[in-house]
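Enquirer: Provide a 3D model corresponding to the input given below.
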Amino acid sequence: MKKIVITPTYNESKNILVLIKKIKKIDSDLHILVIDDNSPDNTSELVQQFANDRNDIFIINRKEKLGLGTAYITGFKWAIKNNYNFVIQMDADLSHDPKELVVMLEKIKNYDLIIGSRYINGVNVINWPMSRLLLSYFANIYSRLITGVPVFDLTGGFKCYKIETLKKMPFKSIKSEGYSFQIETTFYAWLNKFLIKEIPITFTDRTIGQSKMSKKIIYEAIWVVLKLRLKRVFSLL
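Expert: Take a look at the predicted model:
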């Protein structure tokens, strides 16, 4: 069974090789695909040098910063084309612990989508300021109530998909550039009656580099949640 980790990058030169080495230490059979948006800090070059003469680490270089959502869609389509069975998405900044991959890959055998959840068992977040934590926590409550999706962590970016789930994902309808991409993909998986399972993880905020969160991303998420509600109510799918 072929399995791959997909991670988008923008200015992650201080984190990406650490992540890759940790993933390979956990599971040497895991392939890794990096989607880089023309990082000025040489992230792409570092990955390319590390991947030379290897057939398990790949990189797609994009010419400009096009956003998280389109990066993942590019990666998902690549994984489908290359006949992978399981696809994991995770952040490149080490906020997602590669040790959790073991449980994810075990659980995915019985489900279609596994979500690494910060909120399924209380709140499991380290090093976030209270303002950021409250924003995330209540954003998830808002998203769950408005969309109707029975998931506690709709904005989380640590997931494992069966490839069949991604093959039925309506990528043309998914327009989010930021973190609301996570809400959209889980919404469509739920709407298509795929089996979804949340497992508890601990999220540790990055210690190196800068967060990609912005007001634009927040406003986009508010609108996307409302749009998904309308699609559900009026069957505009």
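
Enquirer: Pretty sure residue 218 sits in a helix.
Expert: Yes: assigned with DSSP: H, G, I helix; E, B strand; the rest coil, residue 218 falls within a helix.

Enquirer: Residue 175: which element?
Expert: Using DSSP states H and E, residue 175 is not contained in any helix or strand.

Enquirer: which residues touch it?
Expert: Going by C-beta atoms under 8 Å, 6 or more residues apart in numbering, residue 175 touches 69, 224. All C-beta atoms are positioned from the backbone trio N, CA, C, and that covers glycine.

Enquirer: If we use 10 Å, what do you get?
Expert: Taking C-beta atoms under 10 Å, 6 or more residues apart in numbering, we find residue 175 in contact with 67, 69, 70, 181, 184, 220, 224, 227.

Enquirer: Is the fifth one in contact with residue 177, as I believe?
Expert: No: the pair residue 184 and residue 177 fails to qualify as a contact (C-beta atoms under 10 Å) at a distance of 11.0 Å.

Enquirer: The closest residue to residue 202 other than its chain neighbours - how many residues pack around it?
Expert: The spatial neighbour of residue 202 that comes closest, neighbours along the chain excluded (C-beta to C-beta, 6 or more residues apart in numbering), is residue 124 at 4.6 Å. Neighbour count for residue 124, taken as other C-beta atoms under 10 Å: 16.

Enquirer: Now residue 124. Its backbone dihedrals?
Expert: Per-residue torsions, residue 124: phi -120, psi 70 (degrees, to the nearest 10).

Enquirer: Would you enumerate the residues in contact with it?
Expert: Counting by C-beta under 10 Å, 6+ apart, residue 124 has contacts 116, 117, 118, 153, 200, 201, 202, 203, 204.

Enquirer: Any of those buried? List them.
Expert: Neighbour-count burial (16 or more other C-beta atoms under 10 Å) is assigned, among the contacts of residue 124, to 116, 117, 118, 153, 200, 201, 203, 204.

Enquirer: The most centrally placed residue in the chain in helix, strand or coil?
Expert: The chain has residue 157 as the residue nearest its centroid, 3.4 Å off, counting by C-alpha atoms, centre = their mean. Assigned with three-state DSSP, residue 157 falls in the coil class.

Enquirer: likewise residue 160?
Expert: strand.

Enquirer: Find me the pLDDT at it, would you?
Expert: Looking at residue 160, its pLDDT reads 99.

Enquirer: List the contacts of it.
Expert: With contacts defined as C-beta under 10 Å, 6+ apart, the neighbours of residue 160 are 3, 5, 86-90, 100-101, 103-108, 111-116, 197, 199.

Enquirer: PyMOL command for the buried members of those residues?
Expert: PyMOL command restricting the contacts of residue 160 to the buried ones, with burial defined by 16+ other C-beta under 10 Å:
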select buried, resi 3+5+86+87+88+89+90+100+101+104+105+108+111+112+113+114+115+116+197+199
